[in-house]
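>>> Sharing a model prediction with you, sequence too.
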Protein chains: 2
Amino acid sequence: MAENKSFADSCSCTIIHDDVVNKVKALMPQEEKLYDLAELFKVFGDTTRIKILCSLFESEMCVCDIAALLGMNQSAISHQLRVLKQARLVKFRKDGKVVYYSLDDEHIKQIFDQGLNHINER
Amino acid sequence: MAENKSFADSCSCTIIHDDVVNKVKALMPQEEKLYDLAELFKVFGDTTRIKILCSLFESEMCVCDIAALLGMNQSAISHQLRVLKQARLVKFRKDGKVVYYSLDDEHIKQIFDQGLNHINER
DNA sequence: TGTTCATGTGAACATATATTCATATGTTAA
DNA sequence: TTAACATATGAATATATGTTCACATGAACA
């Protein structure tokens, strides 16, 4: 089984062949993409941010709306909105001193729902 | 605009009405689901784990294969496989002293690809 | 039986992250 | 201009997390 291999001298149990190794390396996104992808999922990986996104599924909201709705302090929400903004998941519009946030991506709900699928299937 | 509201005494800029608040609360998954969902995305939020999953898209592999392929030490991979196992994203079979890991969920690639969509659209 | 090998695991460490507090910024209204 | 308000932000803190190291476990084989 291992006769065809030439990579990975570091272990002797290897069964994967060079063609598999090459396929994996071909399919694997570039380092930078992988980093961005991890960053994106990291953003989803926090209950506060998920709650914010969940709220915005229904309608745009200002910061204090979200804070009141989630029962959290304004500063915490503001910090998290910043993260969501940097990930281009939310956008905002200003109206006087009030800032309204809304969703900035059509995939969010799909990613969200597929995550829920995984959760619910066990 | 704010005449219909009665929630959130904590701020006076509120425009969202009780029906919106109730809708959000109705749509918002239970606290426990939200926690599980965040946990799931947290698992995707690390480049090492993404690389492992990416490798397993192509074929099952033993721990040292993965370690060699990613150029990382075996212990780090083993720790991360544990995380992936707990999240039910990978499964394993033992063959003597060798343990082969493979994907344990059909959604993984979809979630993965939708994340990439978001990344690529900017 | 003793050695080698693949894997798992706990402790230690460095780093990242979420929240709070205090305060800055900028807008509205008195 | 001053006061009140919505939001943003930096510092501080507590907590979580990823990797390495050393070693334990368990299987194969001489």
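Perfect, I can see it now.
>>> Contacts only, for the spatially most central residue of chain A.
By Cα atoms, centre = their mean, the mean C-alpha position of chain A lies nearest to A:Phe41, the distance being 2.3 Å. Under the criterion of Cβ atoms under 8 Å, 6 or more residues apart in numbering or on different chains, the contact partners of A:Phe41 comprise B:Phe41, B:Lys42, B:Phe44, B:Gly45, B:Ile50, B:Gly115. All C-beta atoms are positioned from the backbone trio N, CA, C, and that covers glycine.
>>> A:Lys94 too?
Listed by Cβ under 8 Å, 6+ apart, the contact set of A:Lys94 reads A:Tyr100.
>>> Who are the packing partners of the lowest-mean-pLDDT helix or strand in chain A?
Ranking every helix and strand in chain A by mean pLDDT, DSSP states H and E puts helix A:18-27 at the bottom, with a mean of 86. Counting contacts by 3 or more Cβ pairs under 8 Å, 6 or more residues apart in numbering or on different chains; DSSP states H and E, helix A:18-27 is packed against helix B:47-58.
>>> does the very next helix or strand once past the helix it packs on come close to DNA strand C?
The first helix or strand that comes after helix B:47-58 along the chain, using DSSP states H and E, is strand B:61-62. Yes. With Cβ under 7 Å from any atom of the strand as the threshold, strand B:61-62 lies in contact with DNA strand C, specifically through B:Cys62.
>>> Quick check: what element follows strand B:61-62 along the chain?
In the C-terminal direction, the helix or strand that comes right after strand B:61-62 (DSSP H and E) is helix B:63-70.
>>> could you check the angle helix B:47-58 makes with that next one?
Compare the direction of helix B:63-70 with that of helix B:47-58 by axes from the mean of the first three to the mean of the last three Cα atoms, to 10 degrees and you get 110 degrees.
>>> does DNA strand C sit close to the next helix or strand along the chain from the least confident helix or strand of chain A?
Heading C-terminal from helix A:18-27, the first helix or strand you meet, by DSSP H and E, is helix A:31-44. Yes. Using Cβ under 7 Å from any atom of the strand, helix A:31-44 comes into contact with DNA strand C via A:Lys42.
>>> quick one: helix A:31-44 to chain centroid distance?
On the basis of Cα atoms, centre = their mean, to the nearest Å, the separation between the geometric centre of helix A:31-44 and that of its chain is 7 Å.
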